[in-house]
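Undergrad: coords below, sequence missing:
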């Protein structure tokens, strides 16, 4: 939730700087929003993935163990690759969503906005799946492997390795886009 709040505060602030900016502005605003949001999102993701991979027994243990072994810096393992994933994702998702919303939802319906968010999220998620796979492998690595090493490992496993979890990612991001952007539109409409 705090990461989302940081994202939308940044996104809306940048959009207000040039109200008629179009696709380039939406790409820039969403990219900057993601960079800021990742300062909160990445530590949360690191701890969550460590618990999911059974490298820690609880969130608290994951947080404590990460800081004990790697310091606060350990909470930001994968920050660069997460941003590398989030920027293309956002630069695809938000302009598509904004364009669909402007063309087919001028009245500001939260439900329609959610449908467009679902479409945009699925498209962006599909395109960025290989980056997500690299990011996940780096975050779960116990040997601090870098981007190049992980890409070489995935390449040795075959092209399909870059698309592990593709269907689940598309499904999740479709649902997430519907809820996230539909709710966002509804809240915006309530307060404007």
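TA: Alright, I've got the coordinates. Every value quoted in this text rests on a predicted model; they were computed, and no experiment measured them.

Undergrad: which residue ranges of the chain form helices?
TA: In the chain, the helices defined using DSSP state H lie at 2-17, 22-52, 59-70, 79-104, 110-140, 147-157, 166-191.

Undergrad: contacts for stretch 44-59?
TA: Residues from elsewhere that reach stretch 44-59 (Cβ atoms under 8 Å, 6 or more residues apart in numbering): 3, 61-63, 65-66, 74-78, 82, 136, 139-140, 142. The way it works is simple: take the backbone N, C-alpha and C, and place the C-beta from them, glycine included.

Undergrad: typed the wrong thing, it's stretch 159-178
TA: Under Cβ under 8 Å, 6+ apart, the answer for stretch 159-178 is 93, 97, 114-115, 117-122, 124-126, 129-130, 132-134, 154-155.

Undergrad: show the pLDDT at the residue sitting nearest the centre point of the chain.
TA: Nearest to the geometric centre of the chain sits residue 86, at 4.6 Å (Cα atoms, centre = their mean). pLDDT for residue 86: 90.

Undergrad: do you know how far the closest residue in space to it that isn't next to it in sequence is from residue 46?
TA: Sequence neighbours aside, residue 34 is the residue nearest to residue 86 in space, at 3.9 Å (criterion: Cβ to Cβ, 6 or more residues apart in numbering). Distance from residue 34 to residue 46, counting by Cβ to Cβ, to the nearest Å: 17 Å.

Undergrad: what of residue 133?
TA: Between residue 133 and residue 46 the distance is 17 Å, computed by Cβ to Cβ.

Undergrad: buried set for stretch 75-93?
TA: Buried residues in stretch 75-93, counted by 16 or more other Cβ atoms under 10 Å: 75-79, 81-93.

Undergrad: no wait, stretch 168-184
TA: Residues 169-170, 173-174, 177-178, 180-182, 184 are the ones in stretch 168-184 that count as buried (16+ other Cβ under 10 Å).

Undergrad: stretch 39-51 now?
TA: 40-43, 45-47, 49-51.

Undergrad: thought residue 146 was touching residue 138, still the case?
TA: Yes. Residue 138 sits in contact with residue 146 when judged by Cβ atoms under 8 Å, with a separation of 7.5 Å.
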